[in-house]
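what shape does this take:
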Amino acid sequence: MVIDMNLSIVPIYLAIVFLFCFLIVRQASKNEIIAKAVERKILLLLLAFILWSVSVALLALGDQHVSLIATIPLLWQAFVPVGIWITAIFLSADLRSGLLKIATHTPAQWLVLIQALRLGAIGGIVKGLNGEIGSDYVFWIGVPDFLFGLSALLIGLLMFNREINVRLLIVWHLIGFSLIFFPTFLIMSYWMNEPGFVFIFEYPMILAPGMLVPLLISLNLLHAWGLFQKQRHSHPQGLQT
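Here you go, the predicted model:
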């Protein structure tokens, strides 16, 4: 298999998001927002995600994802990390509580700016325009995703010196989730029958649906949840850094 090095920025983005998650967990533990036992549980969850990412990459390097398309006509790789964290949260009240505490105590600006990584969608858009990717997915999903990443950068910078309405920020996060989730999974049968869509099952692009995107939209939902709970208890009008 020939690896397209022009797309190898995806593993770097994934490493950045993993590092970000690790740092906000460690920061919460250091500030005694979460207990050490809870920190260990969250880090174990993060380790499970890392192991899954390695597995996804190895399968892609062996062309296994492409060969499984006929057998499993779904973007099933994205469901695995989501299934892992939903199961973990459902089974562990401590984990659920710890993640909520992290969402409410991590500076809002951090959880906004991490979404600026979605600017990386421009790579797929350019390749689509150049005819290197034959799927319309890079336009219908990639363009809104890029614009959302741009909005993350602008909002994050605005938060340095002005307040952002909490309700608007919650809606913004839900839009960030919806831009990826609904166009991808509600019409998945369309994408799976599009010949050019095979690009997403190759390395390193498979890491995007396999882990990077689920992590980013999970952070959207986590922060929206944290903002909602924080608003219920304190009724803040706006958020700053």
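
the longest helix along the chain packs against which elements?
Ranked by residue count and defined by DSSP state H, the top helix of the chain is helix 36-61. Packing partners of helix 36-61 (3 or more Cβ pairs under 8 Å, 6 or more residues apart in numbering; DSSP states H and E): helix 9-30, helix 79-91, helix 93-105, helix 207. Using the backbone N, CA and C atoms, a C-beta is placed for each residue, glycine as well.

so S53 sits against M211, correct?
Yes. Counting by Cβ atoms under 8 Å, S53 does reach M211; the two are 4.5 Å apart.

and the gap between the residue most central in space within the chain and E39?
By Cα atoms, centre = their mean, the chain has its centre lying nearest to L216, at 1.6 Å. In this view, L216 and E39 are 22 Å apart by Cβ to Cβ, to the nearest Å.

before we move on, the earlier item: any shared contact partners between S53 and M211?
Residues touching both S53 and M211 (Cβ atoms under 8 Å, 6 or more residues apart in numbering): L14.

the two: who's more crowded?
Counted by other Cβ atoms under 10 Å, S53 and M211 do not tie: M211 has more neighbours, with 27 against 21.

Provide a list of residues in contact with the more buried one.
M211 neighbours (Cβ under 8 Å, 6+ apart): 14, 49, 52-53, 56, 81.

mind putting these into a markdown table with pLDDT and distance to T184?
Output for the contacts of M211, formatted as a markdown table (pLDDT from 0 to 100; distance: Cβ to Cβ, whole Å):
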| residue | pLDDT | distance to T184 |
| --- | --- | --- |
| L14 | 97 | 18 |
| F49 | 97 | 19 |
| W52 | 96 | 19 |
| S53 | 97 | 19 |
| V56 | 95 | 17 |
| P81 | 92 | 14 |
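
pLDDT weak spots in the protein?
Low-confidence segments of the chain (pLDDT under 70): 1-8, 235-241.

how about a cut-off of 80?
Residue ranges of the chain with pLDDT under 80: 1-8, 70, 73, 233-241.

not counting its neighbours along the chain, what's nearest V213?
Of all residues not flanking V213 in the chain, I180 sits nearest, at 5.9 Å (Cβ to Cβ, 6 or more residues apart in numbering).

right, I'll leave it there.
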